[in-house]
Structure formats: structure tokens, C-alpha cells
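Enquirer: For reference, the sequence and a predicted model appear below.
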Number of protein chains: 2
Amino acid sequence: MGATILDVAKLCGYSKTTISRAFASPEKVSEKTRTIIYKAAKEINYTPDAIARAMVRKKTDNIGFIVADQQYPVVLNPFYSPVFEGVLRTCKEKGYSVFIASESDIHISTGQVYMKKQMDGVIICGQTDKATIESFKSQNIPVVLLNNIIDMDDLVCVAVDNYNGTVQAVEHLIQRGHVDIAIISGNFSPNVYNARYRAFVDTMKKHGLEIDERFVKRVEPSLEASMECTTQLLAQKREPTAIFATNDVIAIGAMKVALRAGYKLPEDLAIVGFDDSDYSEIVEPELSTVRINKLEIGKVASERLIEIIEGKAAEKEVILSETTLLVRATS
Amino acid sequence: MGATILDVAKLCGYSKTTISRAFASPEKVSEKTRTIIYKAAKEINYTPDAIARAMVRKKTDNIGFIVADQQYPVVLNPFYSPVFEGVLRTCKEKGYSVFIASESDIHISTGQVYMKKQMDGVIICGQTDKATIESFKSQNIPVVLLNNIIDMDDLVCVAVDNYNGTVQAVEHLIQRGHVDIAIISGNFSPNVYNARYRAFVDTMKKHGLEIDERFVKRVEPSLEASMECTTQLLAQKREPTAIFATNDVIAIGAMKVALRAGYKLPEDLAIVGFDDSDYSEIVEPELSTVRINKLEIGKVASERLIEIIEGKAAEKEVILSETTLLVRATS
């Protein structure tokens, strides 16, 4: 076993409290004192025990980032990966560490939530249910919901303005003179799916445009599924002149099919995506898309959570992050 | 404060040991007993205290994933993001949680390593130094080094066979009849940079091909830097007919410049990248590249680390992960 704080105290003459403070909050201890303490600690190879400290403080400085199983993997996901990065950066700044867990990690057989690691609070991403949120709350673990909206007392939800982003995309295509506009919708959670689909329908109707049901498609949000779907769309006698895809991966699948068939973009076919993922600037021509500030969403969710952890009363609130159309080269 | 294990014991009649086991190792307790214990726990809203448990076990089940500051951000990085995913998956399977930390997070002013959170072991990615590794070891925290090779006693290094992957890429271009081959090298850590550059030079020499120094470029591995560099390359009187780029982002920057200038790929210019990142299949035409099994590297590094944490003696070892050329549409 390593040296204890008492060994350091004996060696350097400072109290346990001062030594503990020198490691936990170095800014509260003079540099001279710190130097002596660190030197003594180094000599006998002592490092402070984070577990014991957490025990005393009743606080772990850990935050859980919980992602629904159907949205795994997180860090390979072009949407959640920058959201997670935003969470990481904010937590690092404020002195918290972040664990990633899947929904199935946090349930025991009673259905009750049980976290293997103690957490000061959690951010739940995407699909979940009221019982899960209640279970956290009954254990005094604050919750912020991200990329989903559930109507519950004292629950902070941080989500995306999907409706308005879609309106901008469809208005833009109509202004460019398009009438035969297809939509390829990804199978997302009902909240996201419905907002984007409804905004498409409302905007078309507002301009008196007919929605050809052969131009309304729903697919898994993968390159393959989108390519298959686009091949069918473009094989129809009457072809759409524009495609609104409800995420970038779907839009890029459509681009691939069109480019391989010799279409010029946007002259022969206009395409607009959604998310402004990294991919949208990687492809050539670069993809017009609806920007979601994913880093910002992660930042806001963590800031709210940390405020609640540090004592602010949780109040019911829905924070909708703004979306903006980025017109690039495909529309 | 919540209920304690003693309250549960009083309510259901089982011992503290049995109750503790019902949560920590449910498979060791009969279903009947578990049901009674969970019911009692639920009634008084008890959840087991992970901190207290860690204190008793002297083990946290936490692993640190430490990334050099110049490689941040991890999860937005097309190389480290799948590596991290491989680490996450393996750790989840084996019951460990993963924290991400940057190099600067883990040093105190003495230069000594100090982890804010207690860790059972750490994976250090990319650039680091012997002193940092020694400091972990002297605190009995096992280390595995990833994507770097340092010659130290008992150190396990998991890295990529950069040399052999490059040989395959350059041999392939030569077989396709190319003589005027340019290399655009990314500014990576010396270990990675040197292996890729050396393999390029050796393979060209082996085939008696001259290396035109105007065809040897070194850039930051960004789209912008690569586009600027490729524009210069293609403006020269004598143009290369093929470009070997030492990562996919650089290759895609070169593709963009060529496509915008009306080049047909690979007829007018062949391009091969390195990494097989997600991006390589997103672009059109799809990029020929050298595949690194990034999930596998993360998996192997975590498996080795967990073996050492769980008692296996650490032995000096360099594990080189295999690389394979994937010929797609740009070469």
C-alpha cells in the first residue's frame, strides 16, 4: 500500500486539512506551502485518494451521459459525437468527469434505475421514459434531457428546433423554383421525425404545392438505405427535381446515386440535408444542410445540469437550440 | 440522505453481505432472494453506494483514456473516435468505466502525475514521455501505450504497422504504371510520420524511381492545408500523376482540388489515403486507402490493460496492428 496523508503530515509538518487542500484546491494554498507539501508527497510517493475524498464530500464530480441503446455507438455517431464533445469540454472546465453509459446499463431487474458508478447528475440523450427519469429523481440524482422533450415537472429539456430548420430548407428549395420536391425521412425518434415531416408538409401546403406520395419516403438513416431509395425515386417516370433529406447521411446517399448516374448537382437535382455533420463539407460538391449547433447543445445541457447539482432549483423548461440553413453547392 | 443498507437489512431480514451481493453480483443470489431484497430496497428507496463499495474493494473499475493535448478533441477526431469506441465496448463488456482526460489534466506542478479520479489503470494515446509513464507506475497504476512506441521495461505498446501499409499503397501505384508520385505527409508524431515517410522512400528506391523533391510535401493534416498544397502541386509544369496522402483528410483535400479543376479520378490523377476513416466511403468517387483496424486497436489495448489490472505481470511487448490496402475508386 502507498503512503497516507498522515505520512505526508509527519514529514512536512502541515495539517491533514492543508495537505488535502493543496491537492483538491491548490489555489487556496500559498505557493510556498504547496511546494513543501508536493515535495514531501513526492518523496514518499503519496497521491491523494480520490475515493476517500468523494466519501467525505458526498460528491463524486462525475456526470453520466446516457444514450439509448438504439443510438449506440455514441462516439462513432456524427450527431452525438460533437454533442458529447460539447459535454466533455464544459465538464472539464467545471471540474467534472463524464462517464458514458447505455440505457440498459442503468436498469436492474426491478425496472428501477441503478447506476454502477455514483453520479452527481445525468444527461439522458434521445429516447427514454418517465419512469426512468422519476427513478433518478427519487434518488436525488438531477436529470437533464437532451434531444428529446418529455412533459414532466421540474424537467429541463434541451432540444433542437427541427420544425423551423426544415421550414428554412423547404422554403429555399421553393424559392429556387422547385415544385416536385421529394422528402426522404430517416427513422428517428417520434419527436424528431414528426417535427421535420410536419414542417415539410406545412411549408409545401403554404405555397399551394401538391405532395406527390411517390415522393414521400421513409428509410433507416444509412448510406445503403438512402442509395436504394434514391435509385427508386430517380427511376420513376416523373422525377423529383429536388430532394430534402432529413439528415446528412441520407442526403449523401442520394448524392452518390445522382453523381454515379451522371447528374449535375444542383442543375439536374438539388439536395438539402440536415445536421451539418462533418460529412457535409467532406463531400464534393459540398452539401447544403440545416445547421444544428451540436457543441452548443452539449454545453447548455451540461451547464444546466451542473447548476442544479450545485444547488439551483430545477424548473420545468424547454430550451430549443436554433437551426440555420447553410446554402452550399448542392442547391 | 437516502436509506442505508442497514435499513434494507432490517426490512427484509437478510444480512448486509447478501444484500450487497444481490446488487454487485446478482448471479450469485437466488432469484427469490433477489426479488425480496430489491422489493425492500425499492420500498425505502435504497440504492447501493458505489463510492463506499470502491473504498472497501480498493478498486474503482475505472480506466483512464489519456490523450495528448495536441490531439484533442478525441471524439471529433476520425482516428481516435473509433479507437475510443473500441475501448468503450471492451471496457463495458468487462465491467469497467472509461474516463477521458487530456495530458495536462494529469500533471501537478511538481511534474508528477496526479489523477483527480482514482483509476485502476490508464491507456495513454500518442505523444507522452518516459517520466509520465514512470510516475504512473510508481503509483501502481498500470499503463498501456497506444499509437506510440517507447522503449521501456514492462511496457505494452499497441501501435499500427505504418511502414507495411505505406509499402502496399506505393507498390499499388507503381503497379498501376505511375512514376511521378507525390507524397503529402501530415505532421504527425515522429513515430508515425517517420514510418510512413521512410516506407515511401524505400519503396520508390526499390523500384529505381526518382523522388522529385517538388513532389514531397509536409502539411498540417487539415482539408484547408491539403487543398492549398495540392493546388501548388498541380500548378507545377511537371505534374504528378499520383498522390499518396498520409491520411484520409489530406487525400480528400487533394480530391476536392482535382475535382473542382475538372480532373477525372483516377484517370487524370490517382489518390490513395491512409486510415480508412468513415470519410473515405462518404466521398465520391470512394477513396482508396490503407485500412487501420481502429476498433481492434482500442480493444487490444483495453484487454491488455485489464489483464494487468487483474493480476497478470506486465511484460515489455510491442503489438503492431496489421494494415491493409483497400483499393476503391480513386486509384
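Expert: Yes, it's here. Please read these numbers as outputs of a predicted model, since none were measured by experiment.

Enquirer: where does chain A have its least confident helix or strand?
Expert: When each helix and strand of chain A is scored by mean pLDDT, DSSP states H and E, helix A:50-57 comes last, with a mean of 58.

Enquirer: Listing partners with orientation, what would you give for the next helix or strand after that helix?
Expert: Downstream of helix A:50-57, the next assigned helix or strand under DSSP states H and E is strand A:62-67. Sheet pairing for strand A:62-67, assigned by DSSP bridges, gives strand A:97-102 (parallel), strand A:121-125 (parallel).

Enquirer: for the record, mean pLDDT for the first one?
Expert: For strand A:97-102, mean pLDDT is 81.

Enquirer: about what we covered before: now the strands paired with strand A:62-67 in TSV, with mean neighbour count?
Expert: C-betas here are computed from N, CA, C, even on glycine. Shown next, in TSV, are the strands paired with strand A:62-67 (neighbours: other Cβ atoms under 10 Å in any protein chain shown):
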stretch	mean neighbour count
strand A:97-102	22
strand A:121-125	26
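
Enquirer: how about those, which one is nearest B:E315?
Expert: Among those, the nearest to B:E315 by Cβ to Cβ is strand A:97-102 (30.6 Å).

Enquirer: how about the closest one as PDB, C-alpha atoms only?
Expert: Written as PDB, here are the backbone C-alpha positions of strand A:97-102 (Å, rounded to 0.1, in the frame of the first residue of the first chain):
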ATOM      1  CA  SER A  97     -15.700  13.900 -15.300                       C
ATOM      2  CA  VAL A  98     -18.000  12.200 -17.700                       C
ATOM      3  CA  PHE A  99     -19.000   8.600 -18.000                       C
ATOM      4  CA  ILE A 100     -20.800   7.100 -21.000                       C
ATOM      5  CA  ALA A 101     -23.500   4.600 -20.200                       C
ATOM      6  CA  SER A 102     -26.200   2.900 -22.300                       C
END
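
Enquirer: Run through the residues that contact the nearest residue to A:L265 once chain neighbours are set aside.
Expert: Take A:L265 and drop its neighbours on the chain: the residue closest to it by Cβ to Cβ, 6 or more residues apart in numbering or on different chains is A:T330, 4.9 Å away. For A:T330, the contacting residues are A:A251, A:M255, A:L265, A:P266, A:A270, A:I271, A:V272, A:P285, A:E286, A:L287, A:S288, by Cβ atoms under 8 Å, 6 or more residues apart in numbering or on different chains.

Enquirer: one more time with 6 Å
Expert: A:L265, A:P266, A:I271, A:P285, A:L287, A:S288 (Cβ atoms under 6 Å, 6 or more residues apart in numbering or on different chains).

Enquirer: how much space between the first one and A:K217?
Expert: A:L265 sits 19 Å away from A:K217, taking Cβ to Cβ, to the nearest Å as the criterion.

Enquirer: any idea how far the helix or strand containing A:K32 is from the chain center?
Expert: Using DSSP H and E, A:K32 maps to helix A:31-43. Remark: helix A:31-43 is offset 42 Å from the chain centroid, using Cα atoms, centre = their mean, to the nearest Å.

Enquirer: Give me the pLDDT for the residue most central in space within chain A.
Expert: Centroid-nearest residue in chain A: A:V83, 3.5 Å away (criterion: Cα atoms, centre = their mean). pLDDT, A:V83: 93.

Enquirer: which residues touch it?
Expert: Neighbours of A:V83 in contact, by Cβ under 6 Å, 6+ apart: A:K294, A:I297, A:G298.

Enquirer: rerun that using 10 Å as the cut-off
Expert: A:65, A:67, A:74, A:77, A:123, A:125, A:146-147, A:158, A:292-299, A:301, B:75 (Cβ atoms under 10 Å, 6 or more residues apart in numbering or on different chains).

Enquirer: mind checking how far the residue nearest to A:L265 is from B:A251?
Expert: Using Cβ to Cβ, we find A:T330 at a distance of 22 Å from B:A251.

Enquirer: Would you mind measuring from the residue nearest to A:L265 to chain B?
Expert: To chain B, A:T330 is 12 Å away according to Cβ to the nearest Cβ, to the nearest Å.

Enquirer: and that residue, how far is that from A:I5?
Expert: From A:T330 to A:I5 the distance is 62 Å (Cβ to Cβ).

Enquirer: and stretch A:130-139, which residues are buried?
Expert: A:T132, A:I133, A:S135, A:F136, A:K137, A:Q139 (16 or more other Cβ atoms under 10 Å in any protein chain shown).

Enquirer: Let me know the closest of those to A:A195.
Expert: A:I133 (21.0 Å).

Enquirer: so that closest one, which of the three states?
Expert: helix (DSSP: H, G, I helix; E, B strand; the rest coil).

Enquirer: With the one 3 residues further on instead?
Expert: Under the three-state scheme (three-state DSSP), A:F136 adopts helix.

Enquirer: residues touching it, list them.
Expert: A:G64, A:I66, A:I106, A:V113, A:M115, A:M119, A:G121, A:V122, A:I124, A:T128, A:P142, A:V143.

Enquirer: thought the third one was touching A:I66?
Expert: Yes: in this structure, A:I106 is within contact of A:I66 by Cβ atoms under 10 Å, at 6.3 Å.

Enquirer: In terms of neighbours, single out the busier of the two.
Expert: Under the neighbour definition other Cβ atoms under 10 Å in any protein chain shown, A:I106 and A:I66 were set side by side, and A:I66 has more, 25 against 22.

Enquirer: Dig out what the more buried one forms beta bridges with.
Expert: A:A101, A:I124.

Enquirer: Could you verify my assumption that it touches A:T132?
Expert: Yes: if you go by Cβ under 10 Å, A:I66 and A:T132 touch, sitting 8.8 Å apart.

Enquirer: all strands of chain A, in order?
Expert: Ranges of strands in chain A, per DSSP state E, are A:62-67, A:97-102, A:121-125, A:143-146, A:156-160, A:181-186, A:216-219, A:242-245, A:270-275, A:288-292, A:317-321, A:323-326.
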